[in-house]
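[1] just a sequence and a predicted model for now, questions to come.
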Amino acid sequence: MIRSRRLPVALLLVSSVAVAVAGCGSGSHFKNNARPAVTLQITGVVNDHGVSIEPSRFGAGPVLIQISNQTQQTHTVTLEGGPDNISEEVGPIHPLDTAQIQVDLKEGDYTVSASSSPDTPSGIAPAVLAVGPPRQSSSGQVLLP
């Protein structure tokens, strides 16, 4: 009689283990894609002579440009260019105020210009950004949001 009890218990244990192993990720729908690069935070200044962005050369990926208006006029700042011919505009930026442009830039050349009126070009020289090959993935970095 003891032998007949062990067989069903053993079969139940084996089937439970088989079900548990079958559910361990064999049909997972999550892909192990690389995360994007860490957002690069760069600064820009608009003064009476021109727009200055630092650094002006960096790799492709997400970018946050913090722009300060150091003139006595209100300006609109425009980022244009690249392979997709993007156009991002922020403003009006009042004197001594700041604004942000957040964009994912691809490899290519971009210009950042400032104007006090959309119809009138200003005498402020634009800045040129040279965006190189994509930056490294942030997959191996910890303490990121």
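    Okay, I see it. Numbering: from 1, shown residues only.
[2] okay, the residue positioned nearest the centre of the chain: pLDDT?
    Nearest to the geometric centre of the chain sits Pro62, at 2.6 Å (Cα atoms, centre = their mean). In this model, Pro62 is scored at 92, pLDDT.
[3] and it, what element?
    strand 57-69 (DSSP states H and E).
[4] and that strand, how far from the chain's centre?
    When distances are taken as Cα atoms, centre = their mean, to the nearest Å, strand 57-69 is centred 10 Å away from the chain's centroid.
[5] just the CA trace of that strand, in CSV.
    The C-alpha trace of strand 57-69 is given here as CSV (Å, rounded to 0.1, in the frame of the first residue of the first chain):
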residue,chain,number,x,y,z
ARG,A,57,30.4,68.8,-31.6
PHE,A,58,28.9,65.7,-30.1
GLY,A,59,27.4,62.3,-31.0
ALA,A,60,23.8,61.7,-32.2
GLY,A,61,21.1,61.0,-29.6
PRO,A,62,18.8,62.8,-27.2
VAL,A,63,19.9,66.4,-26.5
LEU,A,64,18.6,69.1,-24.1
ILE,A,65,19.7,72.6,-25.0
GLN,A,66,19.4,75.2,-22.3
ILE,A,67,19.4,78.6,-23.9
SER,A,68,19.9,82.0,-22.2
ASN,A,69,19.0,85.3,-23.7
